[in-house]
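[1] okay, sequence plus prediction incoming.
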Amino acid sequence: MSTLIDLHAHSSVSDGTETPTQLVRAAVAAGLGTIALTDHDSTAGWQEARAAAAGTGLTVIPGMELSTNWGPASVHMLAYLFDPLNERLISETARIRDGRLHRAESIVNRIAADYDLTWDDVLAQSIDGGTIGRPHIADALVARGHVANRSAAFESILHWRSGYYENYYAPSPLRGVEMVVAAGGVPVLAHPATHGRERMIDEDSLRTLADAGLFGLEVHHRDNTPDGKERLLELATKLGLEITGSSDYHGEGKPNRLAENTTSAEVLEKLIARGTGSAPFVG
Ligand code: AMP
Ligand code: FE
Ligand code: FE
Ligand code: ZN
């Protein structure tokens with residue numbers, strides 16, 4: 001029985017390249033005992049993931065990566081074991097997905113002034129009703145031969161400094177924590193030190209989130225800088241926050257491999273004890 005725990009992975013319901021079924025199979029093949037499905041702003045993959053896990057021995061933690069905006073910065077918040085029928089979360093995530101859709105259309109319109117690219121190209125790279133993001137625009141740019149792969153697209157045309165970048169609507173991190181907690185869920189800040197310790201959320205703001213029910217920090221993630229991880233560990237101790245680690249797997253859309261970072265069984269046990277909105281699925 002595997003005890004490897006990976007609490008952050010995406011499917012084609014958002015910007016992963018594998019269906020929930022393929023993701024579950026990849027998790028089993030990678031030797032994981034537990035995986036959390038955390039598509040951006042959507043729970044649409046939960047049912048398929050559970051069905052695919054049945055009989056495999058894999059435990060699936062239902063989750064989501066909720067978009068929030070902290071001033072001009074996009075802050076991602078992992079949410080686990082919340083009630084998928086919670087009305088506020090449903091309406092807020094619908095609003096975020098709609099904002100993402102219009103923002104992507106607007107970005108594409110402006111790119112199309114300089115490159116051969118259409119909105120239909122982008123739609124062809126995403127599923128109906130899925131959460132649209134820059135990765136789908138990247139895939140369309142790859143299909144048109146403008147760039148070699150997603151990473152190259154993010155380093156050029158889709159970079160926030162490229163001139164094509166736009167933000168999209170999202171609630172504040174504090175509202176995010178409050179909404180997830182109100183839905184019986186467990187919030188964890190995703191990759192909080194992607195831009196190093198200088199640019200991460202400040203201690204006072206983090207304390208406010210902790211007081212509102214933030215459970216933990218995703219410290220062990222390939223995008224957190226080494227000095228940022230050190231600072232996160234200090235803050236976790238100081239504020240009584242748990243530490244998680246995960247891959248942020250996107251299939252072939254990113255180099256991140258399943259189980260490249262993992263979470264301890266003790267932390268998973270506390271997370272499951274805290275979550276009351278939905279249950280882990282033991283396959
Ligand atoms: P968006 O949410 O539309 O702003 O796009 C950001 C998403 O793009 C993140 O959630 C990542 O999954 C993905 N992403 C960011 N950087 C890269 C990269 N270099 N290569 C592939 N995907 C990336
Ligand atoms: Fe993503
Ligand atoms: Fe993220
Ligand atoms: Zn992610």
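    Received, thanks. Ligands and ions are numbered 1, 2, ... in the order given.
[2] and this protein, which residues reach ligand 1?
    The chain comes close to ligand 1 at residues D15, G133, R134, P135, R150, S151, F154, H250, G253, K254, as judged by C-beta under 6 Å from any ligand atom. Where you see a C-beta, it was placed from the backbone N, CA and C, and this is true even at glycine.
[3] reformat these as CSV; add neighbour count, distance to ligand 4 and pLDDT.
    Formatted as CSV, these follow (neighbours: other C-beta atoms under 10 Å; distance: C-beta to the ion, whole Å; pLDDT from 0 to 100):
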residue, neighbour count, distance to ligand 4, pLDDT
D15, 26, 8, 98
G133, 22, 10, 98
R134, 24, 13, 98
P135, 23, 10, 98
R150, 24, 13, 96
S151, 13, 15, 96
F154, 18, 14, 97
H250, 21, 7, 98
G253, 20, 10, 93
K254, 21, 9, 95
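[4] among those residues, which ones lie close to ligand 3?
    By C-beta under 5 Å from the ion, no member of those lies near ligand 3.
[5] low pLDDT regions in this structure?
    Applying pLDDT under 70 to the chain flags the ranges 1.
[6] where do the helices sit along it?
    Taking DSSP state H to define them, one finds helices in the chain at 20-29, 46-53, 87-112, 119-123, 134-143, 150-155, 173-182, 203-212, 226-239, 265-274.
[7] got the phi and psi for the residue in the stretch 101-250 of the chain that ligand 3 sits nearest to?
    Nearest residue of the stretch 101-250 of the chain to ligand 3, counting by C-beta to the ion: A190, 4.7 Å away. Backbone torsions of A190, given as degrees, to the nearest 10, read phi -80, psi 140.
[8] got the residues of the stretch 101-250 of the chain near ligand 4?
    Within the stretch 101-250 of the chain, the positions near ligand 4 by C-beta under 5 Å from the ion are D248.
[9] for ligand 4, what's the nearest residue on the stretch 101-250 of the chain?
    In the stretch 101-250 of the chain, the residue that lies nearest ligand 4 is D248 (4.4 Å; C-beta to the ion).
[10] quick revisit: ok, the closest residue to the residue of the stretch 101-250 of the chain closest to ligand 3 other than its chain neighbours - how many residues close by?
    Computed as C-beta to C-beta, 6 or more residues apart in numbering, the closest residue to A190 that is not its neighbour in sequence is H76, at 3.9 Å. Applying other C-beta atoms under 10 Å, we find 23 other residues in the vicinity of H76.
[11] look up how far L233 lies from H76.
    19 Å (C-beta to C-beta, to the nearest Å).
[12] who's in contact with the spatially most central residue of the chain?
    Centroid-nearest residue in the chain, with C-alpha atoms, centre = their mean: E65, separated by 3.5 Å. E65 sits next to H8, H10, S14, T38, D39, H40, D41, H76, M77, L78, A79, A190 when contact means C-beta atoms under 8 Å, 6 or more residues apart in numbering.
[13] spell out which parts of this protein neighbour ligand 3.
    Residues of the chain found near ligand 3 (C-beta under 5 Å from the ion) are H76, A190.
[14] for ligand 1, what's its nearest residue on the chain.
    Nearest residue of the chain to ligand 1: G133, at 3.0 Å (C-beta to the nearest ligand atom).
[15] could you check how many residues crowd around E269?
    10.
[16] for I157, that is, sorry about that
    22.
[17] how close does it get to G133?
    Separation of I157 from G133 (C-beta to C-beta): 14 Å.
[18] check H8 too.
    For H8, the distance to G133 equals 16 Å [C-beta to C-beta].
[19] got it, and A36?
    Distance of A36 to G133, given as C-beta to C-beta: 19 Å.
[20] R197 reaches D227, doesn't it?
    Yes: contact status for R197 versus D227: in contact at 4.9 Å, counting by C-beta atoms under 8 Å.
[21] so those two - more neighbours on which side?
    Set side by side, R197 and D227 show more neighbours around R197, with 18 against 12, by other C-beta under 10 Å.
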